[in-house]
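> have a look at this prediction, sequence included:
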Amino acid sequence: MARRPMMAANWKMNKLLREARDYVEQLLPLIEGSEGVDVAIFAPFTCLPEVVRMTRDTPVVAGAQNFYYEDSGAFTGEVSAPMLLDVGAGAVIVGHSERREIFGETDALVAHKTVRAISAGLLPVVCVGETKEERDAGKMWDKVSAQVRAVFEQLDASKISGEDVIFAYEPVWAIGTGETATPEDAQDAIGRIRDLLGEISGEEFAGEVCILYGGSIKPENVDDIMAQRDVDGGLVGGASLEAESFAELVNGAAKGG
Ligand code: PGA
């Protein structure tokens, strides 16, 4: 049951190679003392091999922001799990709300990708979360629980351990808006996700799964969010783009929030 805290940078569609190099070079010495925290950088495909190379002998995991579940073939513009493994990626974000909302990814597609990531040996960070309209209509849990259940329509939890998958609760209205969920809202949703995982896959599995919060995390609010019982870490967009502010978040998580 000893879940480790995690801080993950989601660079989204940002950074040229040179900027990625400068960032990693600056970040590594700043987070040297944060052994207790798992750190990941989800880089654009173009920077990924370089981030892998620069983080090779460090605790930082380099990951991708997306992939397609087929291994090869006529899927113009897509990148497969074997391709990610080939460049040394260790993790991948699956079903980010920007993928769901802008690129039309369905629950079924997200589930299929989750299954493939795990079978390939990539750690998937599966994102779920409601829109503002859904929250205002009192439908947060309808939406989030349906997204979580959909994953397990294709994923057989009895064949994996809770450490093989990460969930991220990212309310869409809090992403990139500066409007953060209150720590209590984050705990409420994440606690319910963990309970649901327990129902679906058993208490042991639910106790092992790392569940992150994402949505306008910054150095000023990270401590309160990390202090919540079921919140194991953060998936950070805007505040991860500067090495110094991401290092502050990593070091904050290392202190136990
Ligand atoms: P944000 O993005 O920190 O900029 O809100 C989080 C995310 O989309 O993962």
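Arrived safely. Numbers count the residues shown, from 1 in each chain.
> ok, the residue nearest to F152 when sequence neighbours are not counted to G162 distance?
Leaving out its chain neighbours, the residue that sits closest to F152 by Cβ to Cβ, 6 or more residues apart in numbering is I200, at 5.0 Å. C-beta coordinates here come from the backbone N, C-alpha and C atoms, glycine included. To G162, I200 is 11 Å away according to Cβ to Cβ, to the nearest Å.
> neighbour count winner among the two?
Higher neighbour count among I200 and G162: G162, with 21 against 15, using other Cβ atoms under 10 Å.
> how close does the more buried one sit to G202?
9 Å.
> just the CA trace of the strand or helix carrying the residue nearest to F152, in PDB.
I200 belongs to helix 183-201 when assigned by DSSP states H and E. Extracted in PDB, the C-alpha atoms of helix 183-201 (Å, rounded to 0.1, in the frame of the first residue of the first chain):
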ATOM      1  CA  PRO A 183      -8.100  20.400  -2.500                       C
ATOM      2  CA  GLU A 184     -11.400  19.000  -1.200                       C
ATOM      3  CA  ASP A 185     -12.900  18.700  -4.700                       C
ATOM      4  CA  ALA A 186      -9.700  16.900  -5.800                       C
ATOM      5  CA  GLN A 187      -9.900  14.500  -2.800                       C
ATOM      6  CA  ASP A 188     -13.600  13.900  -3.300                       C
ATOM      7  CA  ALA A 189     -13.200  12.900  -6.900                       C
ATOM      8  CA  ILE A 190     -10.000  10.900  -6.400                       C
ATOM      9  CA  GLY A 191     -11.300   9.200  -3.300                       C
ATOM     10  CA  ARG A 192     -14.400   8.100  -5.300                       C
ATOM     11  CA  ILE A 193     -12.200   6.900  -8.100                       C
ATOM     12  CA  ARG A 194     -10.200   4.800  -5.700                       C
ATOM     13  CA  ASP A 195     -13.400   3.400  -4.100                       C
ATOM     14  CA  LEU A 196     -14.700   2.500  -7.600                       C
ATOM     15  CA  LEU A 197     -11.400   0.800  -8.500                       C
ATOM     16  CA  GLY A 198     -11.800  -1.200  -5.300                       C
ATOM     17  CA  GLU A 199     -15.300  -2.300  -6.400                       C
ATOM     18  CA  ILE A 200     -14.100  -3.200  -9.900                       C
ATOM     19  CA  SER A 201     -10.700  -4.700  -9.100                       C
END
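> packing partners of it?
helix 140-154, strand 166-169, helix 203-208, strand 210-214, helix 222-226 (3 or more Cβ pairs under 8 Å, 6 or more residues apart in numbering; DSSP states H and E).
> so which bits of the first one are buried?
Along helix 140-154, the positions that meet the burial threshold by neighbour count (16 or more other Cβ atoms under 10 Å) are 140-141, 143-145, 147-148, 150-152.
> just those residues now: which is nearest A2?
V148 (22.9 Å; Cβ to Cβ).
> and the nearest residue to V60 once chain neighbours are set aside, how close does it get to S97?
Spatial nearest neighbour of V60, excluding adjacent residues (Cβ to Cβ, 6+ apart): V39 at 4.8 Å. Applying Cβ to Cβ, the value for V39 to S97 is 22 Å.
> was I right to think A186 contacts Y213?
Yes - using Cβ atoms under 8 Å, A186 makes contact with Y213 at a distance of 4.4 Å.
> tell me which residues are up against stretch 120-127.
8, 40, 42, 61, 63, 67, 81-82, 84-85, 89-97, 110, 113-114, 117-118, 151, 164-168, 170, 212, 214, 235 (Cβ atoms under 8 Å, 6 or more residues apart in numbering).
> mind redoing it with 6 Å?
Contact partners of stretch 120-127, identified using Cβ atoms under 6 Å, 6 or more residues apart in numbering, comprise 81, 91-96, 114, 117, 151, 165-168, 170.
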